[in-house]
Every structure is written in C-alpha cells, then in structure tokens.
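J.: Sequence plus predicted model, see below.
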Amino acid sequence: MLKGINLSVSAGQVVGYIGPNGAGKSTTIKILMGMLPDYAGEATVLGMDVKTNALAIKRRVGYVPENAALYDTLTPMEYLQFIGQLYELDPAHIERKALDLLRLFQLSDHANARMTTFSKGMRQKVLLISGLLHNPDVIFLDEPLSGLDANAVVLVKEIIRQLANDGKTIFYSSHLMDVVEKISDRIIIINQGQVIADGTFAELQHQRPESLEQLFSQLTGNEGQTGVAEEFIHTLKN
Amino acid sequence: MITIILWILDRLKPLFEALGADYGQLRAIVQVKLTMDSRRSFVSLGRYGKQSGESNTNFIRILAIYAIIGGLISFAMLGIAPKENLFLPLTLQFSYIMALCAMTLISDFSSVILDSSDNQIILPRPVSSRTLWLARVVHITSYLFAITLSLTVVSIFILASRFGAASGLLFLLLSLLSAILMVFLTNIFYLVLMKFTSEEKLREVINYFQIVMAILFYGSYQVLPRLIGSERMLQEPLAHQSWHYLIPPMWMAGATESFIQPVFDQTHLIFLALALLTPFTGLWFMNRFLTTDFTQKISSIDQDGQTTPTPIATTSTNRQSWMEQLADWFTNDSLERAAFAFTWRITSRDRKFKLKTYPQLGFGLAYVIAISFQSGSFSSGSFFYLFALYFGGIYVMVAQYQLRVSDNYRASWVYGSAPIQEPGSILSGSLKAIIIKLLVPFYTLLSSYVLFRYGLDKISDVLLAFSNSLVMLLSAALLSTRSMPFSIEQDAMKQNNTARGLLISLVLALVGFSHYGLTRIPFGVWIALPFSIILCWYLLQQYKKTGWESVEMS
C-alpha cells in the first residue's frame, strides 16, 4: 500500500508525519519498527537494516501507539515493570524510574490501582511512560496527546521538544494540524502511499496557504470543505 | 497458582533457552498473562460463576468439578476391569482428556492464541517471535496441564495402586503429553484455517467452528454413552488393527498397557514410540517452522481489519429488505420497528451473542432427538413430545437473557440521550426480533420433528405449546429486571440465575402438566388455545407499556 516513500531523517529532529486516514502512516511506522517484515524496498533505522536487525532496532526505538492499547487489568507499576522486563532492564531500576515518572505525571496516587478505572488521559500518560521507559533514541508517537488535559498537553509538548534537543529523533503522527505545525522541525505529508510534501513549515508555506490545515486539505485533494460544510448544514435542515 | 507455575518454569529455564527463547522475557509475559487472567473472569469458563477478585476460585472450582467427574469415570472404567482388557477403557480415558483439551483450546483459549492486543503492546518491544510464541504456548499449556491433572488424578492413583507406581507415573506423563499434542494439533488447525480463509474472516470462521464444536460436544456427551453403552464391549480384549496407529488416544493407551501388562511386542513398541515421540516432534516442529509464520499471521489480523471495509452493506441489501418486511409485519410503531431491526442485525453479527445462544439451541435439538431414539416408556408416551416442545422454549429464554449483554455496552448512552418516551416499545421490538428470528425457526424444526414422528394430529398440541412458550417467555421477560438491549457488561450481569431458573422450571412444569391434562379431554387443547393466545397478547401489551421507572440502566 506504500508506493514511494523516500525519506531520510537525521537525529535531533521532530518530524511531523501526517496524512489522511489510510494514507499509510501506520504502515510506515510499523515497517520502521520491524513489525511488518513483509515489505519490498529498503528501510534502515539507526544505521541497521530493519529486515535483519529488527530486535536490535526495537531495543533502541520507543513506540506510543494510538487508542491507548495497554493491559488495563494491571496497575501502572505492574504494567511498567512488565514492559521494562521485555527490554531486559533491571527490576529495581525499573521500579525506581517508573515511580519517578509516574510522580512527574501526577499519577503517584494511582501507581498501584488497576487501570480499568482510569480515564483516557491517565491511560495515555502510562502509555507515554511505557514507550519511553527504556530511554530510546528514536521515538514514534501516534496521537500522543489524545485524552490529555490542557496542562498535560503543555507538559508533553515540552518533553517532546527537550527530547529532540537531547538528540533524539521523534516521529510525530497526528491529525491535529495546529499541534503538528508548532511542534515539528520538519513536516512530511503523505497521501495514498506517497510523499506529497516534505520540508519545514516555513518552506511549505511558500506555496501560499496560511496554516498547515489549509495546506493539508489543498494537497490531499480535499479542498472546498466550506462547500461540503454548507451542504451538511443544508442536509441537516431537511 | 501463579507462583507455582513460575516456580516450575524456573526449573525448566534451560529447556526454554535451548528452544531459543529469552527466558526473562518469557517469564515476564507468562506472569503478566496469568495475573490478568486471574483478574478477569474467563471468556466462557466464567459462565460458571461471578468474578472473584484476585483469587482463581473460579478456575479452581472448575478443576474440582473435573476431578470429580474424571474420578467417577476412572472408577467405572479402570477400577474393576482385568488388566488384559484395559486397552479400550484407557483409550476412552485418553480420548476424553484430549477432547476436553481441544475443546478448552478452541472455545476458551482461541482468544488467547489469536490475541491481537499483543500486536500493539508486545510486538513493538524487542521480543523475538519465538519468545512470544513460546510464552503463549506456556501460558495455555499451564491451564491445560491443570485441567489434565485434575481429570486424571484419580486414574493415576487407581493405576498406581493396582499396577505399581511406575504405571501411575507413566499415565501422568502420557496425559500431559496428550495435552501438548492437542496444542500442536490446534496450532496446525488454526494455521490451516488461516491459509484458506482471509484473516478478516478468520474470527468469524472460528466463531462458527466453536458453535459447531460446542454442539458436537454436548451431542456426543448425550449420544456416545448410548452408543458404547454395552458393558460387554468394555470387557472383551480388543484385537489390534493397523488403523489403530492413526488414533492418538490409542497410542497413549497402548503405551500405558505395555507397562501394565507388561508386554513389549511390536505393536506395543510402536504405540509407545508414537506416544512419546509425536508430542515432542510436534513441539520441535512448531518451534522450528511455525512460530514466525504464526505471529506474522496474527499481527496481520488487525491490519486487515483496519483497511478493508466489511462488505456487509453491499451484499445483504436483499436480506435487509426481507428483514424489514418482517419488521413491517410484526411491529406497530416506528420505535418498535427500529428496535426490531437493530436487534436482528446485532444478533446476526455479534460473535459473543452467537456463541452464547446457538450452541444451546443446537443442544436442545440434539437432546430431544437423542432421547426420542431411546427405547423406553418415556419417549413413546404422549408425555414426551410435549416435554420436547416446551423444552424448546427454555433455550430461547437463554437468548432473551443474553439480549441485554454486549461488549459494546457503552454505546447504550443513546437510550439515555434520545428522547424516548416509552422504552417498552424498544423492549418489545427486540423481544419480537428474538421470537421471529430464533424461536420460530427453532420451534418449526422441533415441531416438524414431533409431527413427523408422532403424527399430524398433534398439530393442536404444537400450536398450544407454541403459544404457551410465548406466554412463558413473556412472563420471564416481565419478571426479570428489564434492561435495554445490549446495554450491560457481561461481567456486571448479576448471577442470580438459579432462583430465576427454578421459578421458570416450576411454571414450565405447571403449564406442561395442564397441557397434558387437556390432551385427555376431547377438544381440550383446541379450546385452551384461544385463551392462551389472548393471555400472550395481553402480556405483550403489558411488556410494551414498560416505563422508564422499571428499566435498569447501567
């Protein structure tokens, strides 16, 4: 389903990776994570071929999937302990680190409560910690802000910024254009399995539009949303 | 229980490392999976009781039941028979161990084997597919071993006390190997299934397979003892034939027998070799060739689900209009009609609903047919077909009870947000859908069987029994707490079935006996019929009048 994604991303960048539903965003990320070995073409992460070195890559890559996929019958501590063990981290080390991170996300009180009762924002915080726990060099974030409250959004954005300053590479995938516009050093738009725009927001802005949102709908062939909206209202009235 | 399993695993560490797994990761995965299992009730094992906090009492209770049943069977089969004639009883023992393992694997653990939530959580981590696969096998096998042990514990003691400790130990070993063999066969089965069906259809296929298996299991439970029944057969020594080498339970039985007798001729040596080698070969084969294939296939389940839209909307336009026609005939207002269509569609697509209701219906039919073939005064009398007809009603009540449950129970907020004045219309609409969709076809099957076997003049009884079944279904609906269709979480369902079941059987018996009495009076059934229909109509009106105050919302 990917037709021609030719990209190389250097360290220390936040890359906004956007595209309409079904454009191939998740597929790209899954290939780079080594989760879909059946692909044609070439993919290297951190200088390693994904096909042959999937495990070594996974050790240094962090992934925060969308829709809060975690084992919610566990408590945050149990879950993070489990994830840490999958990275073969020392249990005592994980415990200390997880407690600190949970405290920073104001989840200390809930560290030992089952996540079934958690709100979407609380789950998302645990999910973020679980993706970053092993201090990865490359981080894939899929809608990392979903469900977070306003304060947490500010915090997470700042964390992303500082991670990049620290030399980490961040793939930021989202449908919220204004966030992508502000947070990314570089923006890549794909549609139907192809890259249709690539550059900093300033570079992309040369093609006239004022916001990334406008640019996005222009490039992905969904212009005239105003007209559609009018029709929508009209249909509601009938 | 988790600590015991982990303790055993720690002892087996070199084995897992030899198989190419990362032991630390494997242990972590198994530990987490077992912890999670203990915190949620089993998909279907949980049917037997309420969720019970941290402890595994649910599972332990099931193990106790297995131990008792297994013990009774063992006493009957292995307790008395002379050691020359043990081959067939042993074969039966291993057969039911294997059958139960396969059943458990397919009905309860297919969700574990095909769990795609791991895709998002474990696959992005540096876990090799071999480790993940082995962790899954260990997770499942730990349950199968527990089940196998509880089934065989009595047999082991019987054999050990009759023929020495070695025989008991061998029997134990072979039972565990049977479980491993079943894991292997189920894995192969799923892989073959995945080869021939697209991944998106796989779950659907497995769902139907589960239903068929459940019916077969219930059915054979009823029929097999009657077929084998003759005790004479168990007493005679069995001549070994070459096709016996194809039947796994016979390998195990042959191997056990060779130690009990003891006899080590060519036949027994082949059995022994097959019994010991196949499970290990299977394990090795799976570990060597199938692991990557399997994890890859599973990880593509989600993938397909996301991208390809289900073609239901385009293909079933004809059927929809057919269903809508029925809705037009049987419902009065638009709300009722909407609920009818809604219930009809969801009951055809919700896998869990199908899994909970269809086997019951199949079982009901199998049970009636099995009993009617039994010679004896019970099945030949006019009493039996009445019993059969009313029996049908009970199974539809199960469906009515399941109607309120759904995994998507959260979507029931629409009932709250929509300006619904009379929730009764929704309740009656969905009840009507169940009646037309399940009760009528099921009843038609049942009554054609009755008419075919007992004569066309029983038509009056069939009609009255149908109307009475409706009356009972409606009274059950009126008496139990009313909730909107598909609005309650499975776990939250209050498990007060016993009292309700008792009440229903009481009413059933009362109605059944009065019906039986009416058959004695000339035209009695025909005279009673209109009264029953009027009562049915009245109850339906009552049900339809249900107001918000008597509906329980979660």
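T.: Arrived safely, thanks for sending. Numbering: from 1, shown residues only, chains lettered A, B, ... in the order given.
J.: which helices and strands does the single longest helix found in chain A pack with?
T.: Looking across chain A with DSSP state H, the single longest helix is helix A:150-165. Under the contact definition 3 or more C-beta pairs under 8 Å, 6 or more residues apart in numbering or on different chains; DSSP states H and E, helix A:150-165 sits against strand A:14-18, helix A:120-132, strand A:169-173, helix A:177-183. Yep, even glycine has a C-beta here, placed from its N, CA and C like the rest.
J.: quick one: average pLDDT of that helix?
T.: Helix A:150-165 shows a mean pLDDT of 92.
J.: Other residues contacting that helix?
T.: A:12-14, A:105, A:121, A:125, A:128, A:139, A:141, A:144-145, A:148, A:170, A:172, A:179, A:182-183, A:185 (C-beta atoms under 8 Å, 6 or more residues apart in numbering or on different chains).
J.: Chain A versus residue B:207, what's the distance?
T.: Using C-beta to the nearest C-beta, to the nearest Å, we find residue B:207 at a distance of 23 Å from chain A.
J.: Please confirm that that residue is located within a helix.
T.: Yes. Secondary structure assignment places residue B:207 in a helix (DSSP: H, G, I helix; E, B strand; the rest coil).
J.: can you pull the pLDDT of the nearest residue to it once chain neighbours are set aside?
T.: Closest residue in space to residue B:207, ignoring its immediate chain neighbours: residue B:351 at 4.4 Å, by C-beta to C-beta, 6 or more residues apart in numbering or on different chains. Residue-level confidence at residue B:351 comes out at 75, pLDDT.
J.: Next, count neighbours for residue B:351.
T.: As a burial measure, residue B:351 scores 15 neighbours (other C-beta atoms under 10 Å in any protein chain shown).
J.: Residues of chain A that sit close to chain B?
T.: Where proximity means C-beta under 8 Å from any C-beta of the partner chain, the interface of chain A facing chain B comprises A:1, A:22, A:26, A:33, A:35-38, A:55-56, A:58-59, A:61, A:63, A:65, A:69-71, A:73-74, A:78, A:82-83, A:85-88, A:114.
J.: Please pick the buried ones from these.
T.: Among these, those classed as buried by 16 or more other C-beta atoms under 10 Å in any protein chain shown are A:26, A:33, A:35-37, A:55, A:58-59, A:61, A:63, A:65, A:69-71, A:73-74, A:78, A:82-83, A:85-87.
J.: and the closest residue to residue B:78 other than its chain neighbours, what element?
T.: Once its chain neighbours are removed from consideration, residue B:78 has its nearest residue in residue B:158; the separation is 5.0 Å (C-beta to C-beta, 6+ apart). When elements are assigned from DSSP states H and E, residue B:158 belongs to helix B:129-163.
J.: And that helix, what does it pack against?
T.: For helix B:129-163, where contacts count as 3+ C-beta pairs under 8 Å, 6+ apart, the packed elements are helix B:23-39, helix B:57-78, helix B:87-103, helix B:110-113, helix B:165-196, helix B:248-260, helix B:291-307.
J.: any chance of the helices and strands packed on helix A:150-165 in JSON lines, plus mean pLDDT and mean neighbour count?
T.: As requested, the helices and strands packed on helix A:150-165 are arranged in JSON lines below (pLDDT from 0 to 100; neighbours: other C-beta atoms under 10 Å in any protein chain shown):
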{"stretch": "strand A:14-18", "mean pLDDT": "90", "mean neighbour count": "24"}
{"stretch": "helix A:120-132", "mean pLDDT": "92", "mean neighbour count": "22"}
{"stretch": "strand A:169-173", "mean pLDDT": "92", "mean neighbour count": "23"}
{"stretch": "helix A:177-183", "mean pLDDT": "86", "mean neighbour count": "18"}
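J.: Dihedrals phi and psi, the residue nearest to the spatial centre of chain A?
T.: Averaging the C-alpha coordinates of chain A gives a centre point, and the residue nearest to it by C-alpha atoms, centre = their mean is residue A:141 (1.5 Å). Summarising the backbone geometry of residue A:141 under the convention degrees, to the nearest 10, its torsions are phi -120, psi 130.
J.: correct me, but it touches residue A:64?
T.: Yes. Using C-beta atoms under 8 Å, residue A:141 makes contact with residue A:64 at a distance of 4.9 Å.
J.: which residues do these two both contact?
T.: Here residue A:141 and residue A:64 have residue A:131 as joint contacts, going by C-beta under 8 Å, 6+ apart.
J.: Quick check, pLDDT for residue B:334.
T.: According to the model's per-residue confidence, residue B:334 sits at a pLDDT of 85.
J.: got the contact list for it?
T.: When the contact criterion is C-beta under 8 Å, 6+ apart, residue B:334 has no partners at all.
J.: Please apply the same query to residue B:258.
T.: Under the criterion of C-beta under 8 Å, 6+ apart, the contact list for residue B:258 reads B:264, B:268, B:269, B:271, B:272.
J.: my read: residue B:276 touches residue B:176, true?
T.: No. Using C-beta under 8 Å, residue B:276 is not in contact with residue B:176; the gap is 11.6 Å.
J.: So which residues of the stretch 351-500 of chain B form helices?
T.: For the stretch 351-500 of chain B, the helices defined by DSSP state H, counting those that start in this stretch cover B:351-373, B:377-380, B:382-402, B:413-417, B:423-434, B:440-454, B:459-479, B:497-520.
J.: Summarise which helices and strands the first one is packed against.
T.: Put plainly, it is helix B:351-373. Using 3+ C-beta pairs under 8 Å, 6+ apart as the contact definition, the elements that helix B:351-373 packs against are helix B:199-228, helix B:334-349, helix B:377-380, helix B:382-402, helix B:440-454.
J.: Mean neighbour count, these: which tops it?
T.: helix B:382-402 (a mean of 21; mean count of other C-beta atoms under 10 Å in any protein chain shown).
J.: returning to what we had before: mind listing which of the buried ones among the residues of chain A next to chain B are in strands?
T.: Mapping those onto strands (DSSP state E) picks out A:61, A:63.
J.: sorry, back to before: please compute how far the longest helix of chain A lies from its chain's middle.
T.: In terms of C-alpha atoms, centre = their mean, to the nearest Å, the gap separating the centre of helix A:150-165 from the centre of its chain is 13 Å.
J.: and the angle for that helix with helix A:120-132?
T.: Angle between the axes of helix A:150-165 and helix A:120-132 is 10 degrees (criterion: axes from the mean of the first three to the mean of the last three C-alpha atoms, to 10 degrees).
J.: tell me which residues of helix A:150-165 are tucked away?
T.: Burial within helix A:150-165, assessed by neighbour count using 16+ other C-beta under 10 Å, is assigned to A:152, A:153, A:155, A:156, A:157, A:160, A:163, A:164.
J.: So for residue 123, what's the nearest residue that isn't a sequence neighbour?
T.: The chain I'm using is chain A. That would be residue A:68: by C-beta to C-beta, 6+ apart, it lies 4.3 Å from residue A:123.
J.: think we crossed wires, I meant chain B
T.: residue A:35 (5.1 Å).
J.: thought residue B:447 was touching residue B:389?
T.: Yes. In this structure residue B:447 lies within contact range of residue B:389 using C-beta under 8 Å: 6.7 Å.
J.: which neighbours do those two share?
T.: Residues touching both residue B:447 and residue B:389 by C-beta under 8 Å, 6+ apart: B:462, B:465, B:466.
J.: so how far is residue B:454 from the second one?
T.: For residue B:465, the distance to residue B:454 (C-beta to C-beta, to the nearest Å) stands at 13 Å.
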